[in-house]
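1. Let's see this in three dimensions:
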Amino acid sequence: MDYLNALDLKQSLVTHLHHPKPHSLNILLTNISSDSHTWNLVFMQLLLEFMGHEVVNLGACCPDELIIERCGSEQFDLLVVSTVNGHGNIDGERLIRKLRARPDVHQLTAVIGGKLGIHGVADDSHSQRLLDAGFNAVFNAASSLLEFQNFVKTISARPALLSSLPWGLGVAV
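-> Model prediction:
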C-alpha cells in the first residue's frame, strides 16, 4: 500500500486545498416593496450570472410575502435585496425581520445593498440596524461592487461554513 507523504504534495494541490473551487449558487434577487426601479435588478442579475450563478429575479415592487414565500418554495443559497429608491433601510428591515421569524427560511443568507437612505453616500447610519435586524451583510451606496463580489465568492467557496453561522453575525461594508 502506498502512503501519501505530505511533503510530496505539489503546491497546486496545497493551494487547491486552501482555496476551494467556487460552486454555482442559487440566488434569489429582488428589491423592496416600495422600489419600482428595475435597472439595478437587471444589472445585478447579469453580474451574478456572469459570476457563474443561477439567478431568479422577482422584479420591481416585490411584496414581502412573495419574497418570503419564494424563499421557502425553493432551495436558495442567497437572497440579494437591491434598492435604489432610498427606502431600503425601512422596507429592508421589515422584510428581514419577517424572514428571520419563519422557521423554514430563517437561516438563509441574506444581503441588502444600494441606496439605503435618503441622505446620500455619507449616511451610514442604517447599516448596523439592518445587520442587527438579521441581514448577513449590508452594502451601502459607498460600498464597492468588488466588495459585494468578494462576499458572494466567499459564500460560493465555503457554503457549509457560512450557512452554519448564526444570522446575527454580519459585516457592514
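2. Strands of this structure, start to end?
-> Residue ranges of the strands in the chain, as given by DSSP state E, are 26-30, 54-57, 78-83, 110-114, 137-139, 171-172.
3. Export those to TSV and append columns for mean pLDDT, distance to Q149 and mean neighbour count.
-> Bear in mind the C-beta positions are built from the backbone N, C-alpha and C, glycine included. Below are these laid out as TSV (pLDDT from 0 to 100; distance: least, Cβ to Cβ, whole Å; neighbours: other Cβ atoms under 10 Å):
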stretch	mean pLDDT	distance to Q149	mean neighbour count
strand 26-30	97	13	22
strand 54-57	98	14	16
strand 78-83	95	12	25
strand 110-114	94	11	26
strand 137-139	94	10	25
strand 171-172	48	14	15
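4. Next up, the contacts around the most centrally placed residue in the chain.
-> For the chain, the residue whose C-alpha lies nearest the mean C-alpha position (Cα atoms, centre = their mean) is V111; its distance is 3.7 Å. V111 is in contact with L78, L79, V80, V81, F135, N136, A137, V138, F139, F148, F151, counting by Cβ atoms under 8 Å, 6 or more residues apart in numbering.
5. With distance to H87 added, can I get the residues you listed in JSON lines?
-> Converted to JSON lines, the contacts of V111 look like this (distance: Cβ to Cβ, whole Å):
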{"residue": "L78", "distance to H87": "22"}
{"residue": "L79", "distance to H87": "18"}
{"residue": "V80", "distance to H87": "17"}
{"residue": "V81", "distance to H87": "12"}
{"residue": "F135", "distance to H87": "15"}
{"residue": "N136", "distance to H87": "21"}
{"residue": "A137", "distance to H87": "19"}
{"residue": "V138", "distance to H87": "15"}
{"residue": "F139", "distance to H87": "16"}
{"residue": "F148", "distance to H87": "20"}
{"residue": "F151", "distance to H87": "23"}
